[in-house]
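this one's structure only:
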Ligand SMILES: Nc1ncnc2c1ncn2[C@@H]1O[C@H](COP(=O)(O)OP(=O)(O)O)[C@@H](O)[C@H]1O
Ligand SMILES: [Mg+2]
């Protein structure tokens, strides 16, 4: 059985994080926003966010920043995910965990908008 | 909400919206005394007495893009249906304390659910906030402070790193499982 993690292990991880943070100078290339209002939470926004983190980690993509964003008032579209990349913000609606993984792989990392799920642009 | 851990996320989101810099979440579970108490304390902008008096009205919200605020009214209903209740103390300019009680063994009490994901969501979306999570289950205690973690990892930017977030999520998940005696938290 694997040993219980100790907070001391974080010290080692810190070195790893330093390297990836050095690569990224200043602002992250991509910003990802998941709306976390009551309606979003009830619709599954938390699991959507977990899938985003897990997919970024799996693909070792360190140039994205997760930011908080209040609800847009688009209750029917929750969970809403916004991706800001290349000076454009794209909003996706009813984003399940599975959809979130595809958005990360295709749009966040490779810059290809997943057009069939887009609900708004800015 | 299907899980108490989702209600917890919702209450903490209120604290975040109130501009809090420090947020303490304490969960206390006692099977013998048969209670489950969730306390969220923040140093956000707070509310005056008049406002607190109408806070459980579904039409009370300061949100600008919607007309209803259902988080607190629904949580009160859920707690009161489970032999408990909710109390809110607030002072304008100082902060707010929300205490929610449930009878632990009540048949209608929602399960805790995926609390580790709730904790990671709070940290990942607000790495700059000092978030303290203390969870007591009978005689066992687990404590996590993002202020301490930030000291270990060196800076706030590291708390945005997905490798560190993933590690933290696993760490919290393992410790919650230990609190519950090795059982998946969703069953508690
Ligand atoms: N911790 C808090 N600090 C300051 N104000 C709060 C806090 N929690 C709730 N409120 C106020 O109570 C209102 C109602 O809360 P809630 O029922 O959760 O609905 P909502 O968050 O959707 O507006 C909020 O709009 C906010 O003005
Ligand atoms: Mg709310």
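Looks like it arrived, so ask away. Since this is a predicted model, take the numbers as computed values, not measurements. Numbering: from 1, shown residues only, chains lettered A, B, ... in the order given. Ligands and ions are numbered 1, 2, ... in the order given.

count of residues packed around the closest residue to chain B within chain A?
Using C-beta to the nearest C-beta, the single residue of chain A nearest to chain B is residue A:73, 3.3 Å away. Bear in mind the C-beta positions are built from the backbone N, C-alpha and C, glycine included. Other residues lying near residue A:73 total 15 when counted by other C-beta atoms under 10 Å in any protein chain shown.

secondary structure element for the residue of chain B found nearest chain A?
Across chain B, no residue is closer to chain A than residue B:65, which sits at 3.3 Å (C-beta to the nearest C-beta). Counting by DSSP states H and E, no helix or strand carries residue B:65.

Tell me which stretches of chain A form helices.
Per DSSP state H, chain A carries helices over the ranges A:9-23, A:38-43, A:45-58, A:97-103.

Which among the ones you listed is found nearest to ligand 2?
helix A:38-43 (5.1 Å; C-beta to the ion).

What helices and strands are in contact with that closest one?
helix B:4-17 (3 or more C-beta pairs under 8 Å, 6 or more residues apart in numbering or on different chains; DSSP states H and E).

still on that earlier bit, I'd say the residue of chain A closest to chain B and residue B:65 touch.
Yes - applying C-beta atoms under 8 Å, one finds residue A:73 in contact with residue B:65, separated by 3.3 Å.

Kindly state the beta-bridge partners for residue A:120.
residue A:91 (DSSP bridges).

tally of neighbours for residue B:141?
The burial count for residue B:141: 12, using other C-beta under 10 Å.

Output the lowest mean pLDDT helix or strand found in chain B.
helix B:146-153 (a mean of 88; mean pLDDT, DSSP states H and E).

Just checking that one against chain A, any contact.
Yes - judged by C-beta under 8 Å from any C-beta of the partner chain, helix B:146-153 comes into contact with chain A at B:148, B:149, B:152, B:153.

Which one of those residues sits in the busiest neighbourhood?
residue B:153 (23 neighbours).

end-to-end on stretch B:107-123?
32 Å (C-alpha to C-alpha, to the nearest Å).

Check which helices and strands the least confident helix or strand of chain B is in contact with.
Against helix B:146-153 (3+ C-beta pairs under 8 Å, 6+ apart) you get helix A:9-23, strand B:130-137.

chain center to that helix: distance?
Relative to the centre of its chain, helix B:146-153 is centred 20 Å away, using C-alpha atoms, centre = their mean, to the nearest Å.

Taking strand B:130-137 as reference, get the angle to it.
110 degrees (axes from the mean of the first three to the mean of the last three C-alpha atoms, to 10 degrees).

State the pLDDT value of the closest residue to ligand 1 within chain A.
Chain A approaches ligand 1 most closely through residue A:38 (5.0 Å), counting by C-beta to the nearest ligand atom. What the model reports as pLDDT for residue A:38 is 93.
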